[in-house]
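# this one's sequence-less:
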């Protein structure tokens, strides 16, 4: 049995979409999906319970993704173990493909390739994601897809999830490059922020998460994804990409500056985009 853990904080607008896709065509006993409603004040738990018995619902008054992941882990019985964001769409076939890959010798962590739904996004957001797709970090296993899966041996690589901003970043640095994979034949659908303002906010959170990881685990930080600097510089050879590159660099610079400022001041702030959830 494959165990899927879905932390959810006030995700009533999207949890139905996520679970509908995840449970469609699933055979009895194939998946164990645990939705951990943490600090919810909406109908997330009630909506998730509509998908019983495949879906089990845990509730805790403590809001926090790391706490929710640890609760889900303590209740799960199966392996491989899949961790999925509540606003990401992934089908059972993709989950099965992740599980199959984890049977290969030496592969301990896998993730699907993200398919970004940019249909309702502004030009600026689409420009940033166009440049992102051309950089090596977008193809380096785990990160950006909202889903990752670990074998039993992979999950034993670390204990509880720490109370850090970037859980997928923390998981990624536990493994050397040859131990983790991003699978082109398994896809997850991700819904980016629709506006530049919200994109900057979520990018600020992401950069803050990397600063946390670098400070807390310097010995593991060298296992992070490939650096983008050289590849980004080479893209400036193509004049038709200059508008998109300008937008990408502007968003990145603002987000990094804000993240560094928060790190210096010790400001811990969880920023979640609501624009991508509004119409789900």
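Everything's here; your move. These numbers were taken from a predicted model, which means no experiment stands behind them.

# Helices of this protein, start to end?
15-23, 44-49, 65-75, 92-101, 123-132, 152-155, 167-172, 196-216, 229-235, 242-265 (DSSP state H).

# closest to residue 189 out of those?
Proximity to residue 189 (C-beta to C-beta) singles out helix 15-23 among the helices of the chain, at 8.1 Å. Glycine gets a C-beta too; all of them are placed from N, C-alpha and C.

# Next, the buried residues of that closest one.
Neighbour-count burial for helix 15-23, counted by 16 or more other C-beta atoms under 10 Å, picks out 15-19, 21-23.

# between the residues you listed, which is nearest residue 202?
Each of those was checked against residue 202 using C-beta to C-beta; the closest is residue 18, at 18.2 Å.

# got a list of what the closest one touches?
When contacts are counted by C-beta atoms under 8 Å, 6 or more residues apart in numbering, residue 18 touches 6, 11, 84, 86-89.

# re earlier: would you format the helices of the chain as a markdown table with distance to residue 38 included?
Below are the helices of the chain laid out as a markdown table (distance: least, C-beta to C-beta, whole Å):
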| stretch | distance to residue 38 |
| --- | --- |
| helix 15-23 | 13 |
| helix 44-49 | 9 |
| helix 65-75 | 4 |
| helix 92-101 | 22 |
| helix 123-132 | 28 |
| helix 152-155 | 20 |
| helix 167-172 | 13 |
| helix 196-216 | 17 |
| helix 229-235 | 36 |
| helix 242-265 | 22 |
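
# Mean pLDDT and distance to residue 180 for these - can I get that in TSV?
Below are those laid out as TSV (pLDDT from 0 to 100; distance: least, C-beta to C-beta, whole Å):
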stretch	mean pLDDT	distance to residue 180
helix 15-23	97	22
helix 44-49	97	29
helix 65-75	96	18
helix 92-101	97	10
helix 123-132	97	19
helix 152-155	97	9
helix 167-172	92	7
helix 196-216	92	15
helix 229-235	89	20
helix 242-265	94	24
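
# Out of those, flag the one nearest residue 142.
Of all these, helix 167-172 sits nearest to residue 142, with 4.3 Å by C-beta to C-beta.

# Relative to the whole chain's centre, how far out is that closest one?
For helix 167-172, the distance from its own C-alpha centre to the chain's C-alpha centre is 9 Å (C-alpha atoms, centre = their mean, to the nearest Å).

# Identify each buried residue in that helix, please.
The neighbour-count check on helix 167-172 (16+ other C-beta under 10 Å) flags 167-172 as buried.

# Now flag whichever of those is closest to residue 257.
Looking across the buried residues of helix 167-172 and measuring by C-beta to C-beta, the closest to residue 257 is residue 169, at 19.5 Å.

# Tell me if I'm right that the closest one and residue 208 touch.
No. Taking contacts as C-beta atoms under 8 Å, residue 169 lies outside contact range of residue 208: 10.7 Å.

# quick one, longest strand in the protein?
Ordering each strand of the chain by length in residues (DSSP state E) puts strand 180-190 first.

# how much does it deviate in direction from helix 123-132?
160 degrees (axes from the mean of the first three to the mean of the last three C-alpha atoms, to 10 degrees).

# now for strand 180-190, which elements pack on it?
helix 92-101, strand 109-116 (3 or more C-beta pairs under 8 Å, 6 or more residues apart in numbering; DSSP states H and E).
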